[in-house]
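1. Predicted model, plus sequence, below.
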Amino acid sequence: MVTPRLYDAVLLDRDGTLVEDVPYNGDPDKVRPVPGAREALDRLRSAGLRLAVVTNQSGLARGYFTTEQMEAVHARIEALLGRFDAWLVCPHDDSDGCGCRKPAPGLVHAAARTLGASASRCVLVGDIGRDVEAALAAGAAGVLVPTPVTRPEEVAAAGWVAADLPAAVREILRRQDAVRRREPDADQRVALLPASTPPPAGIPGRAGTVLVVRSDSAGDVLVTGPAIRAVAADAERVVLLCGPRGRAAATLLPGVDEIIEHPLPWIEATPDPVDPADMRALTARLATVDADEAIIFTSFHQSPLPLALLLRMAGVPRIAAISDDYPGSLLDVRHRVPVGVPEPERALSLAAAAGHTLPTDDEPVLRLRPELSRSADTADRDYVVVHPGASVPARAAPPGRYADIVAALTAAGHRVLVTGGPDERELTARVAAAGGVDLGGRTDLAGLARLLAGARCLVVGNTGPAHLAAAVRTPVVSLFAPTVPFGQWGPYRVPTVRLGDAGAPCRDTRAAHCPVPGHPCLSGIDPTQVVEAVRRLAPPSPD
């Protein structure tokens, strides 16, 4: 059986990543591979991944070396490190304004085409911020391997950092393996009796009724979508338990047959007191599902164990979840995930540990029901969506900054639509007054999905619509407050430009309200940066 893959290809920067950085090198004798490079690359080749080099070589434009000299250097690199499937070179200088010089995404797109892969199934390894930015702008994963020339702010902004090239390769392969179906090992499975509860009959095959759980907000439900599709590929019936804030998103997901809405007081941000009668009612409702198994999806800071207890009381025979805490007899599959893994992959790895993987023809991206995705009648609309609100105040730029952004986009010739929920009409009116069209309160989540599906791109903070845009394959200009890790919560596998101060004092605080006066991580964003980000992600259509 062909196993699912996160990646089809690995793209590698040349200087500082594969070989020691010798400025404007045209001499093959000066080629020195970084330590462990040959062994690391051979591991990738053995795993069936295709390899390409993507490199800026402005020395060609400046006349520091010839094409023949550069090709001699490349031949020497292959003699030392093995053959690459493709070499993609930008020969331009910064002043040329080309679309291939990193951080522009042109080289990544060209490499993906050459290798017969989609950009979203590529991962790029590089040593400076430009490499990571180019990967994100193409919708690929980016791994930063810092060297002495890497700036601290580049390290702070990168969502995935590895100590060196071999470490990057180990993590690429670990993540690849984590989403493949396998029998849990002794550390994952918790014995209940002399032997642990076996998987439902028919794995691999149909798995009966599976109860999947994802409480919290709409964005949390959306990023769990690939894992839910993996379960649905095996199950005869999928029932999703979610909270009230995630219900609208749950209705948009493919693979869900039934939804149970119920707030969980150990998950909700502003919970009501625990009501024993309510918990008994929930347990009774879960028992009526008659589930053959349950999979509890959580964020990295949440515990699945309270619900696991209720599920045991409801008679669910097999329960899987990610848990660092000892679960006793509450879990049959206790899965663990390293810190820093993107939330969609974190959930996919739990589904795989429970015995469910995506079909090989289903790419591991966020997805909505087909009627809500980009289609022929929406793909030619020429507008940018700005969504100034956020479910968590610390993750939204100040309204005045959003108004400045709308004014700058309008001045650059873009038609701007400003969106928001019914409780954000005052905010959207203020922001749209700078030159946009105010759509505040005029769309539900499904309507917003359709609107985003036809947009050139979305400008938004770290909130649910960013994941909604990713699910309809619309590029995102992410005004990302660093209160939570970008590598876990940034827009997933969709062209993205990240803006904002990634090293601000609020970093990793998970603060709901900005703890720093003036909200400097987002208030300092220059509107011209947003205009440039839109240009990088979605250049104007030809007349």
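-> Arrived safely. Everything numeric here is computed off the predicted structure, so don't read it as measured data. Numbering: from 1, shown residues only.

2. So what does G464 have for phi and psi?
-> For G464, the backbone dihedrals (degrees, to the nearest 10) come out as phi -50, psi -40.

3. Quick check: it touching L222?
-> Yes: under the criterion of Cβ atoms under 8 Å, G464 makes contact with L222 at 6.8 Å. Placement of C-beta: from N, CA and C, glycine included.

4. tell me, what's touching those two both at once?
-> A249 (Cβ atoms under 8 Å, 6 or more residues apart in numbering).

5. now for the strand or helix carrying R130, which elements pack on it?
-> In this assignment (DSSP states H and E), R130 forms part of helix 129-138. Applying 3 or more Cβ pairs under 8 Å, 6 or more residues apart in numbering; DSSP states H and E, we find helix 129-138 packed against helix 106-115, strand 122-126, strand 141-144, helix 152-157, strand 496-499.

6. now those as a markdown table including mean neighbour count, distance to R5 and mean pLDDT?
-> What follows is the helices and strands packed on helix 129-138, written out as a markdown table (neighbours: other Cβ atoms under 10 Å; distance: least, Cβ to Cβ, whole Å; pLDDT from 0 to 100):
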| stretch | mean neighbour count | distance to R5 | mean pLDDT |
| --- | --- | --- | --- |
| helix 106-115 | 22 | 13 | 97 |
| strand 122-126 | 28 | 11 | 98 |
| strand 141-144 | 26 | 13 | 98 |
| helix 152-157 | 16 | 27 | 96 |
| strand 496-499 | 25 | 21 | 98 |
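
7. CSV for those, including distance to F297?
-> Below are the helices and strands packed on helix 129-138 laid out as CSV (distance: least, Cβ to Cβ, whole Å):
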stretch, distance to F297
helix 106-115, 30
strand 122-126, 24
strand 141-144, 21
helix 152-157, 28
strand 496-499, 23
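
8. Does V431 lie in a helix or a strand, and which?
-> helix 425-432.

9. Flag the shaky bits of the stretch 351-500 of the chain, pLDDT-wise.
-> For the stretch 351-500 of the chain, residues meeting the criterion pLDDT under 70 lie at 374-381.

10. so where do the helices sit in it?
-> 399-411, 425-432, 445-453, 464-471, 486-489 (DSSP state H, counting those that start in this stretch).

11. Kindly report the same for the stretch 201-350 of the chain.
-> 218-223, 225-234, 247-250, 276-289, 305-313, 343-353.

12. Nearest to L331, out of the ones you listed?
-> With Cβ to Cβ as the measure, helix 305-313 is the member of the helices of the stretch 201-350 of the chain nearest L331 (5.9 Å).

13. doesn't Y492 make contact with P342?
-> Yes: contact status for P342 versus Y492: in contact at 5.7 Å, counting by Cβ under 8 Å.

14. could you point out where the stretch 101-250 of the chain is predicted with low confidence?
-> Scanning the stretch 101-250 of the chain for pLDDT under 70 picks out the ranges 182-206.

15. Please identify the buried residues of stretch 87-95?
-> W87, L88, V89, C90, P91, H92 (16 or more other Cβ atoms under 10 Å).

16. Please disregard the earlier target; I meant stretch 35-54.
-> Neighbour-count burial for stretch 35-54 flags A37, A40, L41, L44, L49, R50, L51, A52, V53, V54 (criterion: 16+ other Cβ under 10 Å).

17. Among those residues, which one sits closest to D272?
-> Out of the buried residues of stretch 35-54, the member with the shortest distance to D272 (by Cβ to Cβ) is L49, at 49.3 Å.

18. if I pick the closest one, what's in contact with it?
-> L49 sits next to Y7, D8, A9, V10, I172 when contact means Cβ under 8 Å, 6+ apart.

19. Out of those residues, list just those in helices.
-> I172 (DSSP state H).

20. just to revisit the earlier point, between the helices of the stretch 201-350 of the chain, which gets nearest to L240?
-> helix 247-250 (5.4 Å).

21. quick check, distance from that closest one to the centre of its chain.
-> 19 Å (Cα atoms, centre = their mean, to the nearest Å).

22. Could you tell me which other helices and strands it packs against?
-> Applying 3+ Cβ pairs under 8 Å, 6+ apart, we find helix 247-250 packed against helix 218-223, strand 237-242, strand 258-261, helix 445-453.

23. Now tabulate those in JSON lines and tack on mean neighbour count.
-> Listed next are these as JSON lines, based on neighbours: other Cβ atoms under 10 Å:
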{"stretch": "helix 218-223", "mean neighbour count": "26"}
{"stretch": "strand 237-242", "mean neighbour count": "24"}
{"stretch": "strand 258-261", "mean neighbour count": "14"}
{"stretch": "helix 445-453", "mean neighbour count": "22"}
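
24. Serialize the ones you listed to TSV and add fields for distance to V143.
-> What follows is the helices and strands packed on helix 247-250, written out as TSV (distance: least, Cβ to Cβ, whole Å):
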stretch	distance to V143
helix 218-223	20
strand 237-242	33
strand 258-261	37
helix 445-453	28
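
25. And those: which comes nearest T114?
-> helix 445-453 (28.6 Å).

26. picking up where we left off before, what lies in contact with the helix holding R130?
-> 11, 13, 17, 54, 56, 102-105, 107-109, 112, 119, 122-126, 141-144, 150-151, 153-154, 157-160, 490, 495-498, 536-537.

27. got the buried residues for that helix?
-> So, applying 16+ other Cβ under 10 Å, buried residues of helix 129-138: G129, R130, D131, V132, E133, A134, A135, L136, A137, A138.

28. Which of the residues you listed sits closest to H74?
-> Scanning the buried residues of helix 129-138 for proximity to H74, where the rule is Cβ to Cβ, the winner is D131, at 18.0 Å.

29. How much space separates the closest one from L499?
-> 18 Å (Cβ to Cβ, to the nearest Å).

30. now the helices of the stretch 201-350 of the chain in a markdown table, with distance to I319?
-> Output for these, formatted as a markdown table (distance: least, Cβ to Cβ, whole Å):
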| stretch | distance to I319 |
| --- | --- |
| helix 218-223 | 20 |
| helix 225-234 | 13 |
| helix 247-250 | 20 |
| helix 276-289 | 11 |
| helix 305-313 | 5 |
| helix 343-353 | 11 |
